[in-house]
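> Next comes the sequence, and after it the predicted model I'd like to discuss.
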Amino acid sequence: MENKVAVVGIIVKDTAAVPELNEILSSYDQYIIGRMGLPHIRQNTRIISIVIDAPADVIGYFTGKISQLSGVSSRALYD
């Protein structure tokens, strides 16, 4: 299957989910090209952007696993 390059946006509202989120990110490290995280202190929110190079189904599983975490949402943008 052909790889796609995607940008995955992640918003973390509940920081208790961060350890599980980091486990998911670590398990997909072979696909992750880069990552940037920003704290939004006034909103008590963390914003993470991930650039990933993977088959489309892997990107779907990746964002799906992340979105299953309580207080965390994610979406992928790719062509």
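Yep, that arrived.
> List the contacts of Asp79.
Lys4 (CB atoms under 8 Å, 6 or more residues apart in numbering). Bear in mind the C-beta positions are built from the backbone N, C-alpha and C, glycine included.
> Just the pLDDT at it, thanks.
Listed pLDDT for Asp79 reads 78.
> Same question for Met1.
78.
> and it, how many neighbours?
8 (other CB atoms under 10 Å).
> same for the helix ranked longest in the chain, what does it pack against?
When the chain is scanned for its longest helix (criterion: DSSP state H), the result is helix 56-67. Counting contacts by 3 or more CB pairs under 8 Å, 6 or more residues apart in numbering; DSSP states H and E, helix 56-67 packs against strand 3-12, helix 18-27, strand 45-55, strand 72-78.
> So what's the gap between that helix and the chain middle?
8 Å (CA atoms, centre = their mean, to the nearest Å).
> wait, Ala54 sits on Val8?
No - using CB atoms under 8 Å, Ala54 is not in contact with Val8, being 10.1 Å away.
> Quickly list what's touching both of these two.
Counting by CB under 8 Å, 6+ apart, the shared contacts of Ala54 and Val8 are Phe62.
> From Gln30, how far off is the nearest residue in space to Gly71 that is not next to it in sequence?
The shortest distance from Gly71 to any non-neighbouring residue, by CB to CB, 6 or more residues apart in numbering, is to Asp14 (2.5 Å). Shown here: Asp14 relative to Gln30, a distance of 27 Å by CB to CB, to the nearest Å.
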